[in-house]
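Peer 1: model this:
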Amino acid sequence: MTQHTRFAGQWSDFLVYVLLPCLSILVPASFSRSILRRISGWEGLLAADAELAFSCADKYLDLEDEAAWKRRWKQVELLDVRDLFMLLSGRSKSVLAEIEMPRNLAIVRNRVMVGMHWGPAISILKLLANEGMEPTFPYRPPDSGLLRRRPFYYLFSRLAAAYLSKTLGDRAVETGGAGRVLQQLLSVPGSICVLMDAPAQKGRQAMVHELLGTPAMFNVGFPAMFIEQGKEYVLYAMNLADDGTVKKKLEIQGPFNATEITDYLGNYARFLEKHLSMDSAQWRIWRAEHQVWTESSQAGGYQ
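Peer 2: Residues are numbered from 1 along each chain as shown. All right, here's what the predicted structure looks like:
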């Protein structure tokens, strides 16, 4: 990587993770959305990240319009960062007002919410907290190695962790001991949110299931726990609107009740695959696809 390329990347990160979201705090929400919609078309903005995400997605999907896909991908990232800064600066009402709410939101109360790294979803925990759902969310703490490589992105990651603690209190649970905490919380009121598309960590319980025609590895430790406790679940996604407004739409399906891991995983994989097939630019972890998809020779049962 040349010095010019490194500088361009750091400058892009500064715009995305510091300057633009700070500006968004000071202007009307509609104006900040308009800025993000326009700037997402800048080719140099998050260029390396967008290129890597597109090249990964193109392995599994027939993507025709590269420029439009990258613009959509950038909009999701830009809006999520902007929402975080606004939520932390006391403008949560403006952020939540941009979400088209489902009529069946009440069904998530005291159930498990199974989602994915999808769309501009950082606001959902504030939404659930405001609705009295008492959400719990297991999360992976920021990678300290980012500080040297991408300091402005690391700042965003730290602020996201602070937002979780501020919004959820002791219901924001760091991975590494989350299983024990969730076991305790299953018997008390509250909605538990988990993201099942995160690559399974080494040594954790995982299972292979086909996704987009290729065997993929899923972490099934949490589902096994929920099935054992007979806990009903819903599937959810915070979608970026497709009408050009850069607003959000919360989607909820269910409730469901699975007695076998394979049923649980099959239902989830269909939900994820449907969204990937319709609007793959909204998936946030394309850059980790090599950890999600596995070789066909590994398929079959627990790994």
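Peer 1: Next up, the contacts around A50.
Peer 2: 70, 73-74 (C-beta atoms under 8 Å, 6 or more residues apart in numbering). The way it works is simple: take the backbone N, C-alpha and C, and place the C-beta from them, glycine included.
Peer 1: Go through these and say which is closest to M113.
Peer 2: W73 (24.2 Å; C-beta to C-beta).
Peer 1: ok, and the closest non-adjacent residue to the closest one?
Peer 2: Using C-beta to C-beta, 6 or more residues apart in numbering and skipping residues adjacent in sequence, the residue nearest W73 is A281, 4.2 Å away.
Peer 1: That neighbour belongs to a strand, doesn't it?
Peer 2: No: counting by DSSP: H, G, I helix; E, B strand; the rest coil, A281 is not part of a strand but helix.
Peer 1: quick one: pLDDT of it?
Peer 2: On pLDDT, A281 comes in at 98.
Peer 1: Over to L195?
Peer 2: 92.
Peer 1: now do the one 4 residues further on
Peer 2: Residue-level confidence at P199 comes out at 73, pLDDT.
Peer 1: Three-state assignment for it, please.
Peer 2: coil.
Peer 1: Any chance of the backbone angles for it?
Peer 2: When read as degrees, to the nearest 10, the backbone of P199 gives phi -50, psi 140.
Peer 1: and what of the one 10 residues further on?
Peer 2: Here the main-chain torsion angles of H209 (degrees, to the nearest 10) amount to phi -150, psi 150.
Peer 1: Contacts only, for it.
Peer 2: Taking C-beta under 8 Å, 6+ apart as the contact definition, H209 lies against 215-216, 218, 265-266, 269.
Peer 1: which pair in those residues spans the largest distance?
Peer 2: Between any two of these (C-beta to C-beta), the greatest distance is 13.6 Å, for P215 and G266.
Peer 1: Would you mind checking the contacts of H209 for buried ones?
Peer 2: When neighbours are counted using 16 or more other C-beta atoms under 10 Å, the contacts of H209 contain these buried positions: 215-216, 218, 265, 269.
Peer 1: so of the contacts of A50, which ones are in helices?
Peer 2: Per DSSP state H, helices hold the following members of the contacts of A50: 70, 73-74.
Peer 1: Go ahead and report the secondary structure state at I122.
Peer 2: The three-state label for I122, taken from three-state DSSP, comes out as coil.
Peer 1: That one is in contact with L159, isn't it?
Peer 2: No: using C-beta atoms under 8 Å, I122 makes no contact with L159, being 10.2 Å away.
Peer 1: Which stretches in the stretch 201-303 of the chain count as strands?
Peer 2: With strands called from DSSP state E, counting those that start in this stretch, the stretch 201-303 of the chain shows them at 206-211, 214-219, 233-240, 248-256.
Peer 1: could I get those strands as a markdown table with mean pLDDT?
Peer 2: Putting the strands of the stretch 201-303 of the chain into a markdown table (pLDDT from 0 to 100) gives the following:
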| stretch | mean pLDDT |
| --- | --- |
| strand 206-211 | 90 |
| strand 214-219 | 90 |
| strand 233-240 | 96 |
| strand 248-256 | 96 |
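Peer 1: Of those strands, give the one that comes closest to T175.
Peer 2: Taking C-beta to C-beta, strand 214-219 is the member of the strands of the stretch 201-303 of the chain nearest to T175, at 10.1 Å.
Peer 1: picking that back up, please work out which of the strands of the stretch 201-303 of the chain is packed deepest.
Peer 2: Of all the strands of the stretch 201-303 of the chain, strand 233-240 has the most neighbours on average by mean count of other C-beta atoms under 10 Å, namely a mean of 22.
Peer 1: K59: how many residues sit nearby?
Peer 2: Residues near K59, counting by other C-beta atoms under 10 Å, number 13.
Peer 1: cool, the one 5 residues further on as well?
Peer 2: If you count neighbours by other C-beta under 10 Å, E64 ends up with 8.
Peer 1: Tell me, please, where in the stretch 1-150 of the chain the pLDDT is lower than the cut-off.
Peer 2: Within the stretch 1-150 of the chain, the stretches with pLDDT under 70 are 1, 3-4.
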